[in-house]
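In: I would like the atomic coordinates for the input below:
(one chain, ligands or ions: 1)
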Amino acid sequence: MSLRSGIIELGWGHPDRTLLPAGDLERAAVDALRRHGSDALSYGASQGPRRLLEPLAARISRIDGRPAELDGLLITAGITQGIDLVCTLCSVPGDVALVESPVYHFALQILRDHGLELWPVAADSGGLIPEAVADAARRARSLGKRPRMLYTVPTFSNPTGRTLAPSRREWLLEIAGQYDLLVLEDDAYRELWFDTPPPPSLLSHGSAGVIRFGSFSKIVAPGLRLGWLQTGADFVARAKQTGLLTSGGGINHFTAHVVAEYLHMGLLDDHVVELRAAYRARRDTLVAALGAALPDGCRWETPDGGFFVWVTLPDGIDSMALLPHAEALGVAYIPGPRFFAEGGQRYLRLAFSLVAQDDLVKGARRLGEAIRVA
Ligand SMILES: Cc1ncc(COP(=O)(O)O)c(C=O)c1O
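Out: Predicted coordinates for the structure are as follows:
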């Protein structure tokens, strides 16, 4: 990623570089080499090293309130690779993937890479609408298509920051069961809550038919390229048999050892507490700055966690057309259409994770100016 000089980048949903625990990871890497060097530098187990899987399972159990089974966990190179692997194993080109709308744009790209047909499913302030999932699955079947999976970010969504209402969670799973949809639960932001912890994951209601993706990218560092997926043991057993994992000796095995060491050092919980405070302060700053700077007719939602504020523009303003003008004034964002299978011109996504507080204020002012002159 390269930052452009003179532009306040509110587009990138990346952690602030000053919040990456470089010193602690350096110690963890040295300790991993000193204590487990020959293991860490050899080919590893397909599922990931036990030194990481065990503390990870304990941590997930504590955070999500339901014991995580060791044989239902698989180490991945981040959520991105996890989704790609699931598509490889569970879909064929031409299958239908129902996708929350709007949703994380790069996941849409991965699903497209696998030749899946994307069918958007509406969401509102309470998250994905379960009846809309049922309608879409029924329609797809009536056209002779196979609705194979549902991709959703139900907790502190990217791009909207919304969280699926607790009352919709079991209902959604019932519908998924009824239509034999594999639910891909992208849980990238669960730990980054600002006031109260979010509702338990979809997977915590029972692992059948749900694959939940987690990552160290947002809570430690994205450059590690390390995450996990959690589901039933059958899927993990199948994944372990793939050439990718058997020949590869597990995914990012050395990094997995370094992160295992970092977990054994007991530093992650305190680090996450610091991240919550830092991102909460940035959210507050950005939301207050938008209130002061955006013209009438703009609306936005205050997220309870995650990295993003989702803005609705006044009637007649198109976020794609607005972007070059905003950039000329020195601020960037991601236009809404990137997050929709179609439409979305009235929206834009701002990330408060990457830039410092005073730049959030300046960025909001520049955006306000761009919208005023549009
Ligand atoms: C919802 C969501 N899923 C996945 C990712 C990427 O995760 P990873 O770095 O673990 O591949 C991101 C990163 O922005 C994200 O916002």
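
In: Now do the contacts for residue 187.
Out: Neighbour list for residue 187: 153-155, 201, 212-214 [criterion: Cβ atoms under 8 Å, 6 or more residues apart in numbering]. C-beta here means a position set from N, CA and C on the backbone, and glycine is covered the same way.

In: Repeat the analysis, applying 7 Å as the threshold.
Out: By Cβ atoms under 7 Å, 6 or more residues apart in numbering, the residues touching residue 187 are 155, 201, 212-214.

In: now those residues in CSV, with neighbour count, secondary structure and pLDDT?
Out: Supplementary listing: those in CSV, determined by neighbours: other Cβ atoms under 10 Å; DSSP: H, G, I helix; E, B strand; the rest coil; pLDDT from 0 to 100:
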residue, neighbour count, secondary structure, pLDDT
155, 27, coil, 98
201, 22, coil, 97
212, 26, strand, 98
213, 26, strand, 98
214, 30, strand, 98
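
In: How many neighbouring residues does the residue nearest to residue 215 when sequence neighbours are not counted have?
Out: The spatially closest residue to residue 215, leaving aside those adjacent along the chain, is residue 227, at 3.6 Å (Cβ to Cβ, 6 or more residues apart in numbering). When neighbours are defined as other Cβ atoms under 10 Å, residue 227 has 25 of them.

In: doesn't residue 216 make contact with residue 227?
Out: Yes. Counting by Cβ atoms under 7 Å, residue 227 sits close enough to residue 216 to count as a contact (6.1 Å).

In: And residue 240, how far from residue 234?
Out: Between residue 240 and residue 234 the distance is 11 Å, computed by Cβ to Cβ, to the nearest Å.

In: what do you get for residue 72?
Out: 9 Å.

In: Confirm that residue 115 sits in a helix.
Out: No. The assignment for residue 115 is coil, going by DSSP: H, G, I helix; E, B strand; the rest coil, so no helix is present there.

In: Contact residues of the protein facing the ligand?
Out: Within the chain, the residues that sit near the ligand (Cβ under 6 Å from any ligand atom) are 13, 78-80, 104, 153, 158, 186, 188, 215, 217, 222, 227.

In: ok, longest helix in the protein?
Out: Longest among the helix segments of the chain by residue count, using DSSP state H, is helix 268-293.

In: on contacts alone, who are the packing partners of the next helix or strand after that helix?
Out: Next along the chain after helix 268-293, taking DSSP states H and E as the criterion, comes strand 299-300. The contact analysis (3 or more Cβ pairs under 7 Å, 6 or more residues apart in numbering; DSSP states H and E) places strand 299-300 against strand 308-312.

In: For the helix or strand just after the strand it packs on, output the C-alpha coordinates as CSV.
Out: Scanning the chain past strand 308-312 towards its C-terminal end, the next helix or strand to appear is helix 319-328 (assignment: DSSP H and E). Extracted as CSV, the C-alpha positions of helix 319-328 are listed here (Å, rounded to 0.1, in the frame of the first residue of the first chain):
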residue,chain,number,x,y,z
SER,A,319,-20.0,8.9,-4.9
MET,A,320,-18.1,7.7,-8.0
ALA,A,321,-18.4,11.0,-9.7
LEU,A,322,-17.6,12.9,-6.5
LEU,A,323,-14.3,11.0,-5.8
PRO,A,324,-12.0,12.9,-8.2
HIS,A,325,-13.3,16.2,-6.8
ALA,A,326,-12.7,14.9,-3.2
GLU,A,327,-9.2,13.8,-4.2
ALA,A,328,-8.4,17.1,-5.7
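
In: For residue 66, give its distance to residue 321.
Out: 47 Å.

In: Can you pick out the residue with more neighbours from these two?
Out: Neighbours per residue, other Cβ under 10 Å: of residue 66 and residue 321, the larger number sits with residue 66, 15 against 11.

In: now that one: how far from residue 204?
Out: When distances are taken as Cβ to Cβ, residue 66 and residue 204 turn out to be 4 Å apart.

In: now swap in residue 253 and tell me
Out: Looking at residue 253 against residue 204, where the rule is Cβ to Cβ, the gap reads 29 Å.

In: related to what we said a few turns ago, show me what the longest helix of the chain is packed against.
Out: With 3+ Cβ pairs under 7 Å, 6+ apart as the test, helix 268-293 has strand 308-312, helix 357-373 packed against it.

In: Between helix 357-373 and it, find me the angle.
Out: Our comparison of helix 268-293 with helix 357-373, counting by axes from the mean of the first three to the mean of the last three Cα atoms, to 10 degrees, yields an angle of 30 degrees.

In: Just the buried positions in helix 268-293, please.
Out: 268, 271-272, 275-276, 278-280, 282-283, 285-287, 289-290, 293 (16 or more other Cβ atoms under 10 Å).

In: Likewise for stretch 106-118?
Out: When burial is assessed from 16+ other Cβ under 10 Å, stretch 106-118 yields the following buried residues: 107-108, 110-111, 114, 116-118.

In: Kindly report the same for stretch 170-188.
Out: Per 16+ other Cβ under 10 Å, stretch 170-188 contains these buried residues: 172-173, 175-176, 179, 181-188.

In: Neighbours of the residue of the stretch 1-150 of the chain found nearest the ligand, how many?
Out: Shortest the stretch 1-150 of the chain-to-the ligand distance, computed as Cβ to the nearest ligand atom: residue-wise this is residue 78, at 2.8 Å. Burial of residue 78 is recorded as 22 neighbouring residues (other Cβ under 10 Å).

In: Test my guess that it contacts residue 225.
Out: Yes. Between residue 78 and residue 225 there is a contact under Cβ under 7 Å: 5.2 Å.

In: quick one: low-confidence parts of the stretch 251-374 of the chain?
Out: Low-confidence segments of the stretch 251-374 of the chain, defined by pLDDT under 70, are absent; every residue clears the threshold.

In: The residue nearest to residue 126 when sequence neighbours are not counted: neighbour count?
Out: The shortest distance from residue 126 to any non-neighbouring residue, by Cβ to Cβ, 6+ apart, is to residue 165 (4.0 Å). Applying the criterion other Cβ under 10 Å, we find 17 residues in the vicinity of residue 165.
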